[in-house]
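1. Curious how this folds, go ahead:
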Amino acid sequence: MIDTVHATASFHKTMKRDAKEYGRTAVLLGGNAAERDVSLSSGRAVLEALRANGVDAEAVDPKTDSLSVLNQFDRAFIVLHGRGGEDGTMQGYLETMGIAYTGSRVLGSAVAMDKIRSKQLWQAQGIATPRFMIADANTDVDECSLSFPMVVKPANEGSSLGMSKVEHADALASAIDVAAGFDREILIEEWVQGAEYTIGILANKALPVIRIETTNQFYDYDAKYHRNDTRYRCPCGLGPEQEEALKKLALQAYSAVSASGWGRVDIMCDQSGKAYVIEVNTVPGMTDHSLLPKAAAAAGLSFSELVMQILDTSLADGYADTSVGAMFVGSGALNGY
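-> Coordinates of the predicted model:
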């Protein structure tokens, strides 16, 4: 059971470990996904923090480095954003190799990355999420029964890549074409007019809520990584009861998709105050523009402390000693692969 009570205070009580306990740590960064540049920035920041804490850490980029080098490491800090790193693919590889890693396991990573399946799970559990339909490049826009404005986005992409806000029917087809350039499956959902919030999750507890305000049409890639006028309000402006309600909803949505360790949940509140879950990110950005480090700072954690607490998620539940992959590797079952 995930609990938000006294969550902020508990972040200060993490036992400081000897850096040698972590062994040799691979920082997985870069990769082949559309979010490669963001991942490189995130990974470099994480690598610097780990080394400053005395951890024996090295960067591994799946685009330029053979994954066979992971045999030389005891654990992996995953900072790969998007497909190939955040969708369960890398997690499954590490499981097979018997290498401990940070964050959500295979199932949680795969489900959270898939915006359509996430929303279907939330619907089944009574968790509010905007009305939506599933589309592809061949969808007849005249069959869309949702209300305008709406948002069109790839089902398996991050950082708002391929995403468009559509105000009128004549713009829907072109928005679908844009999204289809990133993914075969497309999510179309009704736009929630109101305030946007994000809730960071660390060690399965909710961090302080951040309200996002952008001068762009929506919180797009430019607003996230390039603009300096995007505002992040923390305290978020809500009363204590309202903020706790958003934290509780975020944790419910996070748990529903089997996410674990660390992550971030995005929520929109309409003008009446009703909250709708938009998505869960299992490998949030760790750049100087990123939201999770801002929320951690509001909870009293420096970036360095945040990185070490995320690294500690690779130690959860004795993972390194009990994984199926470790048993196979130990028995020699994978010889020849």
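2. Now do the contacts for residue 177.
-> Residues in contact with residue 177, defined by C-beta atoms under 8 Å, 6 or more residues apart in numbering, are residue 137. For glycine as for every other residue, the C-beta is placed from the backbone atoms N, C-alpha and C.
3. no wait, residue 265
-> 198, 199, 201, 250, 251, 253, 254, 277, 279, 280, 281.
4. Among those residues, which ones are in helices?
-> Residues of these located in helices (DSSP state H): 250, 251, 253, 254.
5. Would you point out the most distant pair within those residues?
-> Largest separation among the ones in helices among the contacts of residue 265 by C-beta to C-beta: 251 and 253, giving 7.4 Å.
6. Which of the two has more residues huddled nearby?
-> residue 253 (28 against 22; other C-beta atoms under 10 Å).
7. In contact with that one: list those residues for me.
-> 118, 122, 127, 265, 277, 280.
8. picking up where we left off before, please convert the ones in helices among the contacts of residue 265 to CSV, extending it with distance to residue 87.
-> Shown next, in CSV, are the ones in helices among the contacts of residue 265 (distance: C-beta to C-beta, whole Å):
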residue, distance to residue 87
250, 21
251, 22
253, 18
254, 17
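9. So which of these is the closest to residue 179?
-> The closest of the ones in helices among the contacts of residue 265 to residue 179 turns out to be residue 253 (C-beta to C-beta; 22.6 Å).
10. Skipping adjacent residues, who's closest to the closest one in space?
-> residue 277 (4.3 Å; C-beta to C-beta, 6 or more residues apart in numbering).
11. ok, back up a step: and the contacts of residue 253, which are buried?
-> 118, 122, 127, 265, 277, 280 (16 or more other C-beta atoms under 10 Å).
12. Quick one: these as CSV, columns for distance to residue 104 too.
-> Putting these into CSV (distance: C-beta to C-beta, whole Å) gives the following:
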residue, distance to residue 104
118, 12
122, 16
127, 18
265, 13
277, 16
280, 9
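13. Now, these that are in strands?
-> 265, 277, 280 (DSSP state E).
14. so who does the residue nearest to residue 253 touch?
-> Applying C-beta under 8 Å, 6+ apart, the residues near residue 277 are 122, 127, 128, 129, 249, 250, 253, 265, 266, 267.
15. partners of it in the sheet?
-> Note on residue 277: beta-bridge partners residue 267, judged by DSSP bridges.
16. the strands in the stretch 201-337 of the chain, which residues?
-> Along the stretch 201-337 of the chain, the stretches classed as strands by DSSP state E, counting those that start in this stretch are 205-213, 231-233, 262-270, 275-281.
17. out of these, which comes closest to residue 302?
-> strand 205-213 (13.6 Å).
18. what separates that closest one from the chain centre, distance-wise?
-> Centroid displacement of strand 205-213 relative to its chain, using C-alpha atoms, centre = their mean, to the nearest Å, is 14 Å.
19. partners of it in the sheet?
-> Counting by DSSP bridges, strand 205-213 is paired with strand 194-202 (antiparallel), strand 231-233 (antiparallel).
20. List of residues touching the first one?
-> If you take C-beta under 8 Å, 6+ apart as the criterion, strand 194-202 is touched by 11, 206-213, 219, 236, 246-247, 250-251, 254, 259, 262-271, 275, 284, 291-292, 295-296, 299, 301, 306, 309-310.
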